[in-house]
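Asks: Have a look at this fold, sequence not included:
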């Protein structure tokens, strides 16, 4: 176990070094790329923020609370991209559907370790995360929230739970590419895009049954809405505090089980196609 942990951190260091070399090789282009990512991150939430300001809030959330929720969403989404955004590790249906799993299976590193570390982009992939941190800090100051160590720990926990839910959804969708590689090559992309597009919105105006659906089977409410309500102190139910973590663990466990079944199918039948596009290991 200790050896695996040490190896994981060595791989994180290696991928961080490779990312820095990519950035420093052409600093001007790299900074333009980071700046464009920053603009994209801000623009993706600005429409909702302006609506909240115009109508003095959305649902039971004030404009500043909506800004905090959008900051959390951007920060958690940016963290997901920073940790999983390289080598199509998050968009796993591309790797499977393009017949590129063999590239990973012949490496002298366990597959799970490659999937955990290979997407690390701490420099070129940090724009969204840093933008979210800035928005969250601004909203926190405006709301006068007290940031205790326990509150910060809960914030980190919910951010990791959000990563777990998004990764679980991506791998659940990506498993289909083992069986239908051509038609399902971009299924992880479609699933993540839908999750993120709807995950920015407060769910307060929806009926109870719809909120329940979006907090369980279709977990768009776990992208930012429920964690924000909990961190802002708008919900007192103890069970609610556990739900984002439990849902993240459930999605990851189900995705892992189905992905292993897909690997067994892959080992028996292989993939009838191969595309070199997008392979960056």
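Replies: Perfect, thanks for sending it. None of these values were measured; they are calculated from a predicted model.
Asks: Quick one: low-confidence residue ranges for the stretch 101-250 of the chain.
Replies: Judged against pLDDT under 70, the stretch 101-250 of the chain has no low-scoring part.
Asks: ranges for the helices of it?
Replies: With DSSP state H, counting those that start in this stretch as the definition, the stretch 101-250 of the chain shows helices at residue ranges 101-105, 111-117, 127-143, 149-174, 187-199, 208-214, 225-231, 238-269.
Asks: helices or strands next to the third one in the packing?
Replies: This means helix 127-143. Where contact means 3 or more CB pairs under 8 Å, 6 or more residues apart in numbering; DSSP states H and E, helix 127-143 is packed against helix 27-54, helix 63-84. All C-beta spots, glycine's among them, are computed from the backbone N, C-alpha and C.
Asks: of these, which approaches residue 218 most closely?
Replies: When these are ranked by distance to residue 218, counting by CB to CB, first place goes to helix 63-84 at 16.3 Å.
Asks: quick one on the thing from earlier: out of the helices of the stretch 101-250 of the chain, which comes closest to residue 63?
Replies: With distances scored as CB to CB, the stretch of the helices of the stretch 101-250 of the chain nearest to residue 63 is helix 127-143 (9.1 Å).
Asks: buried residues in that closest one?
Replies: Residues of helix 127-143 classed as buried under the neighbour-count rule (16 or more other CB atoms under 10 Å) are 127, 128, 129, 130, 131, 132, 133, 134, 135, 136, 139, 140.
Asks: quick one on the thing from earlier: could the helices of the stretch 101-250 of the chain be laid out in a markdown table, adding distance to residue 52?
Replies: Converted to a markdown table, these look like this (distance: least, CB to CB, whole Å):
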| stretch | distance to residue 52 |
| --- | --- |
| helix 101-105 | 43 |
| helix 111-117 | 36 |
| helix 127-143 | 11 |
| helix 149-174 | 21 |
| helix 187-199 | 16 |
| helix 208-214 | 19 |
| helix 225-231 | 13 |
| helix 238-269 | 22 |
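Asks: for those, which one ends up most surrounded?
Replies: Comparing these on average neighbours per residue, with mean count of other CB atoms under 10 Å, the densest one is helix 225-231 at a mean of 23.
Asks: circling back: most packed of the helices and strands packed on helix 127-143?
Replies: Taking mean count of other CB under 10 Å as the contact definition, the stretch among the helices and strands packed on helix 127-143 with the greatest mean neighbour count is helix 63-84, which reaches a mean of 24.
Asks: okay, now residue 237: neighbour count?
Replies: A total of 9 residues lie near residue 237 under the criterion other CB atoms under 10 Å.
Asks: Would you report the backbone torsion angles of it?
Replies: Residue 237 has phi and psi values of phi -70, psi 120 when expressed as degrees, to the nearest 10.
Asks: OK, contacts around it?
Replies: When contacts are counted by CB atoms under 8 Å, 6 or more residues apart in numbering, residue 237 touches no other residue.
Asks: And it, how far from residue 185?
Replies: Residue 237 sits at a distance of 41 Å from residue 185 (criterion: CB to CB, to the nearest Å).
Asks: swap in residue 33?
Replies: From residue 33 over to residue 185 (counting by CB to CB), the distance is 25 Å.
Asks: follow-up on the earlier one: just put the buried residues of helix 127-143 in JSON lines and tack on distance to residue 175.
Replies: JSON lines is the format used below for those (distance: CB to CB, whole Å):
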{"residue": "127", "distance to residue 175": "30"}
{"residue": "128", "distance to residue 175": "26"}
{"residue": "129", "distance to residue 175": "28"}
{"residue": "130", "distance to residue 175": "32"}
{"residue": "131", "distance to residue 175": "32"}
{"residue": "132", "distance to residue 175": "29"}
{"residue": "133", "distance to residue 175": "33"}
{"residue": "134", "distance to residue 175": "36"}
{"residue": "135", "distance to residue 175": "34"}
{"residue": "136", "distance to residue 175": "33"}
{"residue": "139", "distance to residue 175": "37"}
{"residue": "140", "distance to residue 175": "38"}
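Asks: What does residue 61 show for phi and psi?
Replies: For residue 61, the backbone dihedrals (degrees, to the nearest 10) come out as phi -100, psi 140.
Asks: Tell me how many other residues surround the nearest residue to it once chain neighbours are set aside.
Replies: Sequence neighbours aside, residue 202 is the residue nearest to residue 61 in space, at 5.6 Å (criterion: CB to CB, 6 or more residues apart in numbering). The number of residues packed around residue 202, counting by other CB under 10 Å, is 22.
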